[in-house]
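Enquirer: Test case, fold it:
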Amino acid sequence: MKNILIINGWHEFAVSKGTFNKSLFDISKIHFSDSSKFQVKTTEINTSYSISDEVEKFVWSDLIIYHTPIWWFALPFNFKKYLDEVLTAGYANGMWTSDGRNPENPEINYGTGGLLQGKEYILTTSWNAPQGSFTLPNEFFNQISVDNGPLSGFHGMNRYLGIKLHTSLQFHDVEKNSDTSKQLEDYSNFLNNHF
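Expert: Just a heads-up that it's a prediction; the model follows:
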């Protein structure tokens, strides 16, 4: 049996209603909860949570699914706060013990002190930016991908803990031109094909 932690990183702010990320979160929850092969725990950062319980969820999980919108090219500020709080509390508490370096040669092995090896994560992100802003020449992101550009720090955070990327999925142009029904269907198909 595989332990699945599903996190909805959306929180209320300005005009954002979070309906697309909530839909992704619900699809994940239903998909894994409907199978006897999985045990599921969830977190929605828009509600109250216990930091120590969240640390235990990370340690317990085999697969973490992060669902988050991207606001101003970064994680929503309360999701970043959640990660700062939980990862800091995870020090010497099952998540990480050091940055991995040895005082005799401090230039090597940085980021190897994580204790969550063997775990994987899926990241879904929703963007107002169209896909072409990342892939087309002379467009905003200069052909630097989501994962190598704005989200490189998020992936580094997971590597630091020892968690390996399973899949990163981006949903583009969500605010203006998207076919959200198709995007949600594509995500459901992804889960059916991989799990």
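
Enquirer: which residues in the protein form helices?
Expert: Counting by DSSP state H, the chain has helices at residues 19-33, 51-60, 77-89, 132-135, 152-161, 180-194.

Enquirer: And the ones you listed: which comes nearest residue 121?
Expert: Among the helices of the chain, helix 152-161 comes nearest to residue 121, with 5.6 Å by CB to CB. In this view, the C-beta of every residue, glycine as well, is placed from N, C-alpha and C.

Enquirer: Just send the helices of the chain back as a markdown table, with mean pLDDT too.
Expert: Converted to a markdown table, the helices of the chain look like this (pLDDT from 0 to 100):
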| stretch | mean pLDDT |
| --- | --- |
| helix 19-33 | 94 |
| helix 51-60 | 98 |
| helix 77-89 | 97 |
| helix 132-135 | 82 |
| helix 152-161 | 95 |
| helix 180-194 | 93 |
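
Enquirer: Any chance of CSV for those, columns distance to residue 100 and mean neighbour count?
Expert: As requested, the helices of the chain are exported to CSV (distance: least, CB to CB, whole Å; neighbours: other CB atoms under 10 Å):
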stretch, distance to residue 100, mean neighbour count
helix 19-33, 31, 19
helix 51-60, 18, 17
helix 77-89, 15, 16
helix 132-135, 31, 16
helix 152-161, 8, 16
helix 180-194, 30, 13
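
Enquirer: To residue 124, which of these lies closest?
Expert: Closest of the helices of the chain to residue 124 is helix 19-33, at 5.5 Å (criterion: CB to CB).

Enquirer: what's in contact with the closest one?
Expert: With CB atoms under 8 Å, 6 or more residues apart in numbering as the contact definition, helix 19-33 has outside contacts at 4, 6, 8-10, 38, 40, 42, 44, 65, 67-69, 124, 126, 171, 174, 180, 183-184, 187-188, 191-192, 195.
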